[in-house]
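Student: Any chance you can model this:
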Amino acid sequence: MAQTRKKRVKKHRGTQAGSIDTRKKSRPKSRAEAKGQVKSKASQPRASRLDRPPTWKSAAIRGIIAAVVFIALLMLLFGRSFTEALPIGIFMLVFYIPAGYYMDSMMWKRRERSRIRAGQKK
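Tutor: Below is the predicted model of the structure:
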């Protein structure tokens, strides 16, 4: 009995409308080049986020999250009741918000100074 071969299925490059995508995607030639492309793509959103000056709203959100985590840790690890942990959490919230804002502000000013220096060197 003769063996039957499975027919190889070719990838269809066309769209449902019938047009064919002729764009060719360039592939990196080496592994190092591929890593460089990935790093450059990954650093763009982070760089745009770091370019914005700090806001009190972002500091407040971060402070609220930290205070909630602090309260949960007090309750779980130290066995405090919620009524005992809440005043300490509120105190930490009042501390975290301005501390976070001024820390962000200090770091942003430092990045701005280094960016200005880098621009002057060129």
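
Student: Am I right that Met103 is in a helix?
Tutor: Yes - per DSSP: H, G, I helix; E, B strand; the rest coil, Met103 lies within a helix segment.

Student: Now do it against Arg62, distance only.
Tutor: Computed as Cβ to Cβ, to the nearest Å, the Met103 to Arg62 distance reads 10 Å. Yep, even glycine has a C-beta here, placed from its N, CA and C like the rest.

Student: Those two: who's more crowded?
Tutor: Arg62 (15 against 12; other Cβ atoms under 10 Å).

Student: In contact with the more buried one, which residues?
Tutor: By Cβ atoms under 8 Å, 6 or more residues apart in numbering, Arg62 lies in contact with 96, 100.

Student: What does the pLDDT read for Tyr3?
Tutor: One thing to correct before we go on: residue 3 is Gln, not Tyr. Here the pLDDT value assigned to Gln3 is 71.

Student: Give me the residue ranges of this protein where confidence is low.
Tutor: In the predicted model of the chain, residues 1-2, 8-14, 20-29, 38-44, 46-50, 122 satisfy pLDDT under 70.

Student: if you set the cut-off to 50 instead, what comes out?
Tutor: Along the chain, no part satisfies pLDDT under 50.

Student: just the helices in this protein please.
Tutor: 31-50, 56-77, 82-121 (DSSP state H).
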